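S.K.: Below is the structure, and that's it, no one-letter string:
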């Protein structure tokens, strides 16, 4: 009986780990990046470009009618769990 409980616990832990690992490949959509950058900058975004990411941050360039901004957005499985589904804003600096 004890072996069965241990096996069940290890199976649940393994499946949770694989599920979280799969979240790393999901990146924010262009519309999501545009919305978060627009909220941070306070101006309409005309174009999103140069999108790249590592395991914990998505980097991108946001263009407005008058300027270009370099932006960072926390991403990845730990941010998804920590924010409880509520989106975090992008940090943008004028280039």
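M.R.: The structure has been received and is ready for your questions. Computed from a predicted model, the values in this text were never measured in an experiment. Numbering: from 1, shown residues only.
S.K.: Can you tell me how far residue 56 is from residue 73?
M.R.: From residue 56 over to residue 73 the distance is 10 Å, taken as Cβ to Cβ, to the nearest Å. Yep, even glycine has a C-beta here, placed from its N, CA and C like the rest.
S.K.: which of those two has more neighbours?
M.R.: Taking other Cβ atoms under 10 Å, residue 56 and residue 73 do not tie; residue 73 has more neighbours (24 against 12).
S.K.: Make sure the more buried one is indeed in a strand.
M.R.: Yes: residue state for residue 73 (DSSP: H, G, I helix; E, B strand; the rest coil) corresponds to a strand.
S.K.: For it, give me the pLDDT.
M.R.: Among the per-residue scores, residue 73 holds a pLDDT of 91.
S.K.: repeat for the one 4 residues further on
M.R.: If you check residue 77, the pLDDT there is 65.
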